[in-house]
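Visitor: My questions concern the predicted model and sequence given below.
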Amino acid sequence: MLAAELIDPMLPALKSTDSVGQALDWMQEHRIGQLVLTDQGDYRGVVSEELLMDVGEDGRLLGDVMRLFEQTYAYEDQHLYEILGLVIQNRMEVIAVLSEGREFSGTISANELLKQFAQELGVQEGGAILILNLHERDYSMTEVSRLVESNNVKIISSYFSSAAYGMPDRSRLTLKLNRRDITPVISTLERFGYHIEAAFANAPVESIDQERLDSLLRYLNT
């Protein structure tokens with residue numbers, strides 16, 4: 001999903017002629033700590049409630065305190081993952097979206113971004129989550145997919161987390177599967193030498209010994 005598809009039409013954009021007090025009122029109305037600032041349709045930055053509170057003058061115009069604003073933004077054709085990275089890195093509640101010609105297109109809220117990210121990962125769909133611990137050189141999504149699908153189970157989403165420096169055997173592959181009973185999948189993966197770090201499901205996983213189950217298996221209310 002691209003930035004242009006994530007724009008929230010309900011979020012207003014502030015103007016440089018708006019006052020600090022007006023900006024704070026709109027933030028309270030929309031229950032958000034930041035809003036985008038524009039000047040004659042051009043993007044100027046993101047207004048923070050915290051910074052405006054420090055100004056201490058409700059009647060002061062936003063254009064007079066523009067130096068305070070964070071100027072991070074995304075382009076319309078940037079992917080959801082890239083935008084999420086910008087939001088996390090800059091600790092933002094909203095991010096402005098610009099066209100290729102740098103014209104302001106709209107605003108994305110971090111809350112909506114996280115909801116869409118969760119949908120991309122299949123978080124709301126029923127099924128099990130499986131975490132594999134493996135060496136980076138052994139990582140092959142094609143091979144893992146083949147083994148999983150040999151049990152008539154589909155991978156809804158996957159996420160590979162690289163190992164910390166100096167610990168090449170600590171990489172993790174997280175799989176969201178479309179079934180809750182993943183006992184056959186675990187048996188197959190272990191038979192081919194994969195180490196199961198954790199399993200989260202609504203149905204018992206019987207191929208790991210009981211001691212490991214007590215510490216690894218969790219239940220999801222899906």
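Guide: Thanks, I have it.
Visitor: okay, CA-based contacts and neighbour counts for the rest of this
Guide: Noted.
Visitor: Just the buried positions in stretch 58-68, please.
Guide: R60, L61, L62, G63 (16 or more other C-alpha atoms under 10 Å).
Visitor: and which of the residues you listed is nearest to H195?
Guide: Ranked by distance to H195 (C-alpha to C-alpha), the buried residues of stretch 58-68 are led by L62 at 56.2 Å.
Visitor: Could you report the distance from that closest one to D39?
Guide: Between L62 and D39 the distance is 10 Å, computed by C-alpha to C-alpha, to the nearest Å.
Visitor: joint contacts of those two?
Guide: K15, S16 (C-alpha atoms under 8 Å, 6 or more residues apart in numbering).
Visitor: follow-up on the earlier one: turn the buried residues of stretch 58-68 into CSV, columns for pLDDT.
Guide: Shown next, in CSV, are the buried residues of stretch 58-68 (pLDDT from 0 to 100):
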residue, pLDDT
R60, 89
L61, 91
L62, 90
G63, 84
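Visitor: for this structure, which spans come out with low pLDDT?
Guide: 66-70, 122-124, 163-169, 202-222 (pLDDT under 70).
Visitor: how does it divide into domains?
Guide: 3-119, 129-218 (automatic domain parsing).
Visitor: How far off centre is the first one?
Guide: Relative to the centre of its chain, domain 3-119 is centred 18 Å away, using C-alpha atoms, centre = their mean, to the nearest Å.
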